[in-house]
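Engineer: Okay, predicted coordinates and the sequence, questions at the end:
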Amino acid sequence: MLDHDLKHQSIYYHFRLKDLKADWNTKIQKAEHYLNTFKSTIETLKEKRATLSATLQKRLHEQYRFLNANNTTKDLLDIFKDTVTPIPPAGSGECAAPKMFQFAYENGLKPVAMAEFWWGASPKSEVRKHKQFYPSCRSKCEPILGHMMQGLNVEDNPIQHIVEHKAPLEIVYEDAYLLLVNKPHEFLSVPGKHIQESVLTRMRRYLPKAKGPLLVHRLDMSTSGLLLVAKNEKTHKNLQKQFMERTITKRYVALLDGTIKTSNGFVDLPLRVDLDNRPQQLVCYKHGKPAKTKYEVVGIENNKTRIHFYPITGRTHQLRVHAAHVNGLNTPIVGDDLYGTKGERLHLHAEMLSLTHPVTQEVLEVVCDAPF
């Protein structure tokens, strides 16, 4: 009797569950249809808002019109159409320099000279020094000022007129598998946008039968010192692995424009590119990549600090930012035109490199003394 009752209950609940599922599926379908109606309306409104926003932005960009010394007028869209960002970045035209040029032209004045400098404490991300002059931002002001300064007597762009290094590169060490070259300051490691001559092009000519990428790492254009070259792909791969595993030791020597309070320590400030001022870097704890530098003070010379840097990571401009930033050593490298004061040269030199030879497995340490 009990088995009979349980069997009937099982059948009853089986069909009851089936009916409940069907009922709730119907209710869910109705709710989803109802929801999709609202979603469709929301998407339509979003598209409408985007269209209206783009139209309004275009109208605003057309209203921002800029004169130059030739009395030629262009709006923002005309100015930016041939740049890497055809749509002008937010805030374009709102900076002081374009407004001052515009006022001058509208009032029959001819600009003779202009310079912008930073006043006050440095911000937390960028490197800015009190009373130090800085160029206009690349992303917004550079295209606008490129138009507004037409017709004025201005100096040539120094980037496109860098003095060529005609002397042969100094090879500090060489064997059948690799070599180390002493890269001069203001000389590219690899070809650039405007300048083709570089360490890589020289090495291609010096080693015409060599295969692979050749250069194992790079140095900033302004930095001099040891640059590692692999003569074949196998050697290059081995040395790259040593760099990735951080078993290669590099020592830089620098002269800081002032004195610092500590004799040794670490600087740990994450870095990323400044999107408005490439290739400059800024400190960013949200999106920056880890950047760590060990330092040791060597001595004080005429109120300037000679220091050794041991980069633990290899970020662009890492040593320069870590030296200059207010949360780093707060003392820029002598001659740093990006983060300090321009001089005859950047006093930063890669003077020592130690590695495990890919073939002999012996420790190879090469030293190239700094020219300052």
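Structural biologist: Okay, I see it. As the structure is a prediction and not an experimental result, all values here were calculated from the model.
Engineer: wait, is residue 201 part of a helix?
Structural biologist: Yes - applying DSSP: H, G, I helix; E, B strand; the rest coil, one finds residue 201 inside a helix.
Engineer: residues near it, how many?
Structural biologist: 14 (other C-beta atoms under 10 Å). C-betas here are computed from N, CA, C, even on glycine.
Engineer: what does residue 50 give?
Structural biologist: Residue 50, neighbours per other C-beta under 10 Å, totals 10.
Engineer: next one: phi and psi at it?
Structural biologist: The phi and psi values for residue 50, taken as degrees, to the nearest 10, are phi -60, psi -40.
Engineer: quick one: stretch 297-309 to chain centroid distance?
Structural biologist: 28 Å (C-alpha atoms, centre = their mean, to the nearest Å).
Engineer: now swap in stretch 279-287 and tell me
Structural biologist: 8 Å.
Engineer: buried ones in it?
Structural biologist: Neighbour counts over stretch 279-287 (16 or more other C-beta atoms under 10 Å) mark 280, 281, 282, 283, 284 as buried.
Engineer: Then stretch 89-105?
Structural biologist: Buried-residue list, stretch 89-105, by 16+ other C-beta under 10 Å: 92, 93, 95, 97, 98, 101, 102, 104, 105.
Engineer: Please flag which of those residues sit within strands.
Structural biologist: When DSSP state E defines the strands, the subset of those inside them is empty.
Engineer: got the domain boundaries for this structure?
Structural biologist: 65-154, 161-367 (automatic domain parsing).
Engineer: Out of those domains, which one sits most buried?
Structural biologist: domain 161-367 (a mean of 17; mean count of other C-beta atoms under 10 Å).
Engineer: any chance you could map the strands in the stretch 251-372 of the chain?
Structural biologist: 264-268, 271-273, 281-283, 292-301, 304-311, 348-356, 363-367 (DSSP state E, counting those that start in this stretch).
Engineer: about what we covered before: which one of the buried residues of stretch 89-105 sits closest to residue 336?
Structural biologist: Among the buried residues of stretch 89-105, residue 97 lies closest to residue 336 (C-beta to C-beta), at 22.9 Å.
Engineer: dump the residue contacts of the closest one.
Structural biologist: Residues in contact with residue 97 (C-beta atoms under 8 Å, 6 or more residues apart in numbering) are 114, 116, 136, 141, 145.
Engineer: 6 Å instead, please
Structural biologist: Listed by C-beta atoms under 6 Å, 6 or more residues apart in numbering, the contact partners of residue 97 are 136, 141.
Engineer: going forward can the numbers begin at 5, since that is how I track them
Structural biologist: Renumbered: residue one is now 5, and that last one reads residue 101.
Engineer: Return the distance of it relative to residue 209.
Structural biologist: Distance, residue 101 to residue 209, using C-beta to C-beta, to the nearest Å: 43 Å.
Engineer: For the chain, give me the ranges with low pLDDT.
Structural biologist: Within the chain, the stretches with pLDDT under 70 are 5-6, 161-168.
Engineer: Show me the helices in it, by range?
Structural biologist: 6-67, 80-84, 100-110, 145-152, 203-210, 237-248, 322-328 (DSSP state H).
Engineer: re the thing from before, same list, the strands of the stretch 255-376 of the chain, but as a markdown table with distance to residue 43 please.
Structural biologist: A markdown table is the format used below for these (distance: least, C-beta to C-beta, whole Å):
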| stretch | distance to residue 43 |
| --- | --- |
| strand 268-272 | 46 |
| strand 275-277 | 36 |
| strand 285-287 | 40 |
| strand 296-305 | 47 |
| strand 308-315 | 51 |
| strand 352-360 | 57 |
| strand 367-371 | 65 |
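Engineer: quick one: which of these is nearest residue 34?
Structural biologist: Using C-beta to C-beta, the nearest of the strands of the stretch 255-376 of the chain to residue 34 is strand 275-277, at 49.5 Å.
Engineer: hang on, the earlier thing: need the helices of the chain in TSV with distance to residue 182, can you?
Structural biologist: Converted to TSV, the helices of the chain look like this (distance: least, C-beta to C-beta, whole Å):
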stretch	distance to residue 182
helix 6-67	53
helix 80-84	46
helix 100-110	48
helix 145-152	40
helix 203-210	11
helix 237-248	6
helix 322-328	24
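Engineer: Ok, which of the ones you listed comes nearest residue 374?
Structural biologist: Comparing the helices of the chain by C-beta to C-beta, helix 322-328 comes nearest, at 13.6 Å.
Engineer: ok, now which ones touch residue 301?
Structural biologist: Contacts of residue 301 (C-beta under 6 Å, 6+ apart): 267, 309, 311.
Engineer: if we go to 7 Å?
Structural biologist: Contact partners of residue 301, counting by C-beta atoms under 7 Å, 6 or more residues apart in numbering, are 264, 267, 268, 309, 311.
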